[in-house]
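Q: Predicted model and sequence below, questions to follow.
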Amino acid sequence: MKLAPVVSALDRRGMRLRLILTGQHPLSAADYGLSAHEHIRLGCSGGSDPRDLVERVSRSVSPLLAERPGLIIVHGDTASAFGGALTAFATRIPVAHVEAGLRSFDPQMPWPEEEFRTAIDARADLLFAPTEISAANLEAENVPGRIFVTGNTGIDALLAVLDRLPRTSPDSGRSLVLLVTCHRRESWGDGLRSIAAALSDLAGRHPLEIRLVLHPNPAVASVMRELLPDKSGVRLLEPVTHEQMIKTMLAADIILSDSGGMQEEAPALGVPLLVLREKTERPEGVASGNMLLVGTDRNRIVASVEFLLDPGVRAAMSRRAFPYGDGQSAERIAGHIAEYLALEANPATQLRQA
Ligand SMILES: CC(=O)N[C@@H]1[C@@H](OP(=O)(O)OP(=O)(O)OC[C@H]2O[C@@H](n3ccc(=O)[nH]c3=O)[C@H](O)[C@@H]2O)O[C@H](CO)[C@@H](O)[C@@H]1O
C-alpha cells in the first residue's frame, strides 16, 4: 500500500518496474491497482521468527536479480524489506529505502523493526527520510548513501483514499467512539493483557463505544478474542481494507494504537491518538500535539483516555497536522530515483555536474 504511489509515479516516468510481493500480507497487487505491472509473489508468508523470514526472502529474491536491475526499492522495516536489501547489497545492486531514518533508539522496541531499518539504512544508496528528524538520525549515523527529506508515502496513500470518500457530518449526541488496534511483538503477553484489561475497565466505567480492529496475525487476534469476550463491552472487528480503515478512523473520537502507519494517519485526519507503546519512532506527532505516548500500562491507558474525555483536551488534539508529509512524497522519490538512474547510465553527466 505504501509503495503503490511510488510505483505509479515511476510508471508515469516510463520506468520498467517489476514488483516483488513477498506474501506477508494476504492482499494482492490488484488491491492497490498494481495488477498492470509485472509482479512476482514469493509466497514467503509470516511465521514466528522474523530472522528466518529475512533468510527466506533474501534467498527467494536473489535469482530475480540475475538480470541486474538498476535499483531495488524497499519500504519500511519489515523482514521482507531487510531481506530484499540484504540480497541486493550482496550482489552490489543499488538499494533505495523509502521511510529511512525512523529510530526509537531501542533495538528491543520495536523488535525487530528497529534492527532491520537501521541495517537497511547502513546499506542503502538512496535514503528517503519522511522528516527532518529522520534525516538527522541518518546524518548522525554517517550512513554512506544520499539522504533526501521527502515526507512519507503513507500520507500519499491516505490523501488518495480521502479524495474518494464522501464528506460526512459527525452525528452528535452519540457515545464517544474509541478505536483500538494493537499488534506489536514487544506487547505480546503482558502488554496485550494489560491493554485488554484497560479496555474492560473503560467499558465498565464510561458509556463508550469501544471498537478493536483485530490484526491479521492470527496469534494476536486469538489472544485478543480470548481476553475480550462478548461481555467485555469491547466490539471486536475483523481486519478491513485501507479505505474502510480510514472511514473507521474518521468515525472515532479517540484512537489507541501501537501502529506506525496509524501514528502518521491520525494527525492528518485530526483524530487524537494514544500510542500504546513505551517508545515511538514518530515523535513528530507527539510534538504537533496530536498524540500522547502512553505505553501499555493498564492504569496509564485508563487515565489517558479519561483525560481525553474532556472535550477541550480532545479539541486541542484534533487539529489536522501533516508532520509526515503533504501527499507529494512519491513524486519527490520518483524524481530523485529518475535522476539517480540517469546519472548511473551516463556517468559523464556526473562529472560535468561535479
Ligand atoms: C515499527 C512500525 O511502526 N513499523 C510500521 C509498520 O507499519 P504499521 O505498524 O503501521 O503496520 P500495521 O499496523 O500492520 O498497518 C498499519 C496500516 O494498515 C492500515 N490498516 C490497519 C488495519 C486494518 O484492518 N486495515 C488497514 O488498512 C492502517 O490504516 C495503516 O495505514 O510496518 C510498516 C512496513 O514496514 C512500516 O512502514 C511502519 O513504519
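A: All right, it came through fine. Numbering: from 1, shown residues only.
Q: Tell me which residues touch Val234, please.
A: Val180, Ala196, Leu199, Ser200, Ala203, Ile210, Arg211, Leu212, Leu228 (Cβ atoms under 8 Å, 6 or more residues apart in numbering). In this view, the C-beta of every residue, glycine as well, is placed from N, C-alpha and C.
Q: now the helices: where do they sit in the stretch 201-350 of the chain?
A: For the stretch 201-350 of the chain, the helices defined by DSSP state H, counting those that start in this stretch cover 218-227, 242-250, 260-269, 283-287, 298-307, 311-316, 329-345, 347-353.
Q: Mind listing residues that contact the shortest one?
A: Just to be clear, that refers to helix 283-287. 131, 133, 263-264, 266-267, 273, 275, 280, 291-293, 321, 323-324.
Q: so who does Gly233 touch?
A: So Gly233 contacts Ser200, Ala203, Gly204, Ile210 (Cβ under 8 Å, 6+ apart).
Q: and if we set it to 6 Å?
A: The neighbours of Gly233, taking Cβ atoms under 6 Å, 6 or more residues apart in numbering as the test, are Ala203.
Q: how close does the closest residue to Ala122 other than its chain neighbours sit to Thr153?
A: Nearest residue to Ala122, sequence neighbours excluded (Cβ to Cβ, 6 or more residues apart in numbering): Val143, at 6.3 Å. Between Val143 and Thr153 the computed distance is 20 Å (Cβ to Cβ, to the nearest Å).
Q: Can you give me the buried ones in stretch 112-126?
A: For stretch 112-126, burial by neighbour count (16 or more other Cβ atoms under 10 Å) applies to 112-121, 123-126.
Q: Mark which of the residues you listed are part of strands, please.
A: The members of the buried residues of stretch 112-126 that map onto strands under DSSP state E are Leu126.
Q: would you list the buried residues of stretch 112-126 in JSON lines and tack on pLDDT?
A: Shown next, in JSON lines, are these (pLDDT from 0 to 100):
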{"residue": "Pro112", "pLDDT": "95"}
{"residue": "Glu113", "pLDDT": "96"}
{"residue": "Glu114", "pLDDT": "97"}
{"residue": "Glu115", "pLDDT": "97"}
{"residue": "Phe116", "pLDDT": "98"}
{"residue": "Arg117", "pLDDT": "98"}
{"residue": "Thr118", "pLDDT": "98"}
{"residue": "Ala119", "pLDDT": "98"}
{"residue": "Ile120", "pLDDT": "98"}
{"residue": "Asp121", "pLDDT": "98"}
{"residue": "Arg123", "pLDDT": "98"}
{"residue": "Ala124", "pLDDT": "98"}
{"residue": "Asp125", "pLDDT": "98"}
{"residue": "Leu126", "pLDDT": "98"}
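Q: What about the ligand: which of the buried residues of stretch 112-126 touch it?
A: Glu113 (Cβ under 6 Å from any ligand atom).
Q: I'd like the buried residues of stretch 112-126 written out as TSV, with distance to Leu138 added.
A: What follows is those, written out as TSV (distance: Cβ to Cβ, whole Å):
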residue	distance to Leu138
Pro112	19
Glu113	16
Glu114	14
Glu115	16
Phe116	15
Arg117	10
Thr118	10
Ala119	13
Ile120	11
Asp121	6
Arg123	12
Ala124	9
Asp125	13
Leu126	11
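Q: With adjacent residues omitted, what lies nearest to the closest residue to the ligand within the stretch 51-200 of the chain?
A: Nearest to the ligand, among the residues of the stretch 51-200 of the chain, is Gly76, at 2.3 Å (Cβ to the nearest ligand atom). Nearest residue to Gly76, sequence neighbours excluded (Cβ to Cβ, 6+ apart): Glu99, at 4.9 Å.
Q: The one you found: how many residues sit nearby?
A: 29 (other Cβ atoms under 10 Å).
Q: Enumerate every residue touching it.
A: His75, Gly76, Asn152.
Q: residues near the second one, how many?
A: When you say that, I think you mean Gly76. Residues near Gly76, counting by other Cβ under 10 Å: 23.
Q: Centroid-nearest residue for the protein?
A: Centroid-nearest residue in the chain, with Cα atoms, centre = their mean: Gly261, separated by 3.3 Å.
Q: Identify the residue spatially nearest to that one, adjacent ones excluded.
A: Excluding its sequence neighbours, the residue lying closest to Gly261 (Cβ to Cβ, 6+ apart) is Gly154, at 5.1 Å.
Q: Quick check: buried residues in the host helix or strand of that neighbour?
A: Using DSSP states H and E, Gly154 sits within helix 153-164. Within helix 153-164, the residues scored as buried using 16+ other Cβ under 10 Å are Thr153, Gly154, Ile155, Asp156, Ala157, Leu158, Leu159, Ala160, Val161, Leu162.
Q: what ranges of the protein fall below the confidence cut-off?
A: Along the chain, segments meeting pLDDT under 70 span 23-35, 45-47, 170-171, 347-354.
Q: how far away is whichever residue of the stretch 201-350 of the chain sits closest to the ligand from Glu306?
A: Closest contact between the stretch 201-350 of the chain and the ligand, by Cβ to the nearest ligand atom, is at Gly260 (2.0 Å). Remark: distance between Gly260 and Glu306 (Cβ to Cβ) = 26 Å.
Q: which of those two has more neighbours?
A: Just comparing Gly260 and Glu306: by other Cβ under 10 Å the higher neighbour count belongs to Gly260, 22 against 13.
Q: Please report how far that one lies from Lys279.
A: In terms of Cβ to Cβ, Gly260 sits 12 Å off from Lys279.
Q: if we can go back for a sec, ok, how many other residues are close to the residue nearest to Ala122?
A: Residues lying near Val143 (other Cβ under 10 Å) number 21.
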